[in-house]
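Novice: predicted model and sequence follow; I will ask about them next.
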Amino acid sequence: MRFFIAALLLWASPAFAVDCEDRSVEGRSYTICEVDPATEDLRLFLRDQAGEIIGSFSGISDEPDVDTVLFAMNAGMYHADRAPVGHYVEDGEEIMRVIPNAGPGNFGLLPNGVFCITDDRAQVFETTRYLETAPDCRDATQSGPMLVIDGSLHPRFLPDSSSRFIRNGVGTSADGDRVVFAISNEAVTFHEFGRLFRDYLETPNALFFDGKVSRLYSRDLGRSDFGFQLGPMVAVVTTKD
């Protein structure tokens, strides 16, 4: 009888809408989360209704229309005041223009790119292609460098690099129907992180988010990373009725 009740409760419990799991790839540990943008509420978060920077995963759950945060991750580089370094659009409103030129740091290591979210899909675009095609993004965040561009690794990545950090990013299928977020659980090089998206996750385009403040929230895994306050964040949420 106890088994029957337990099974019934398990059957009745809602499944988590984001599939997150830890995986070992080439001997290194990653947490990988897959999202179906056609069925899940995937969006960006920066400021609350009062215009203040949200700054944390817990702050997302305080938004008036948010019931539950299922997944969240930092989503693009930001200045000391946590304003986006590059292009940023939220709910159709452009907060920051596209930055097309090269510059210092990882963001300016061209080619960089834009993660674009619509109501039923999400795609990573190399920045010049984003400007050429002008997709109708409900939400968008620019970061850099690109990890994978049309199936090829960023040309500046070195196989023997000694620069290792905890890194996170996002990759998408060519049609935008599949979105995969990943964070390394140990320090990795750009080349190793790019290979994860190109060879293992098989996403033809992938974008680096950060390598110093990389953090993840996953309700599925019971994980919530702490640290400095964040700028742009991407999350999957359920909304209040």
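Specialist: Cool, got the structure.
Novice: and stretch 133-146, how far apart are its ends?
Specialist: As for stretch 133-146, its first-to-last residue distance stands at 17 Å under the measure CA to CA, to the nearest Å.
Novice: return the set of buried residues in it.
Specialist: With burial defined by 16 or more other CB atoms under 10 Å, the residues of stretch 133-146 counted as buried are 137-146. Where C-beta positions appear, they are placed from N, C-alpha and C, glycine not excepted.
Novice: correct me if wrong: Leu42 contacts Val179.
Specialist: Yes - because the distance of 7.0 Å satisfies CB atoms under 8 Å, Leu42 is recorded as touching Val179.
Novice: so for these two, which residues contact both of them?
Specialist: Common contact partners of Leu42 and Val179 (CB atoms under 8 Å, 6 or more residues apart in numbering): 35, 122.
Novice: now stretch 107-127: mean pLDDT?
Specialist: Averaged over stretch 107-127, pLDDT sits at 97.
Novice: just for this structure, where's the confidence low?
Specialist: Per-residue confidence for the chain (pLDDT under 70) gives these ranges: 1-16.
Novice: please enumerate the helices of it.
Specialist: 2-12, 57-61, 127-133, 190-195 (DSSP state H).
Novice: picking that back up, just send the buried residues of stretch 133-146 back as CSV, with distance to Glu90 too.
Specialist: As requested, those are arranged in CSV below (distance: CB to CB, whole Å):
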residue, distance to Glu90
Cys137, 10
Arg138, 8
Asp139, 6
Ala140, 8
Thr141, 9
Gln142, 13
Ser143, 15
Gly144, 19
Pro145, 23
Met146, 22
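Novice: check the residues you listed and tell me the two furthest apart.
Specialist: Taking CB to CB, the two most distant members of those are Arg138 and Pro145; they sit 24.5 Å apart.
Novice: give me the number of residues near Met233?
Specialist: Residue crowding around Met233 was assessed by other CB atoms under 10 Å; the count is 24.
Novice: for Thr68, which non-adjacent residue is closest in space?
Specialist: Taking CB to CB, 6 or more residues apart in numbering, and ignoring the residues beside it in sequence, Thr68 has Thr238 as its nearest neighbour in space, at 4.5 Å.
Novice: the one you found reaches Glu63, doesn't it?
Specialist: No - with contacts defined as CB under 8 Å, Thr238 does not count as touching Glu63, sitting 11.8 Å away.
Novice: which residues do the two both contact?
Specialist: Where contact means CB under 8 Å, 6+ apart, no residue is in contact with each of Thr238 and Glu63.
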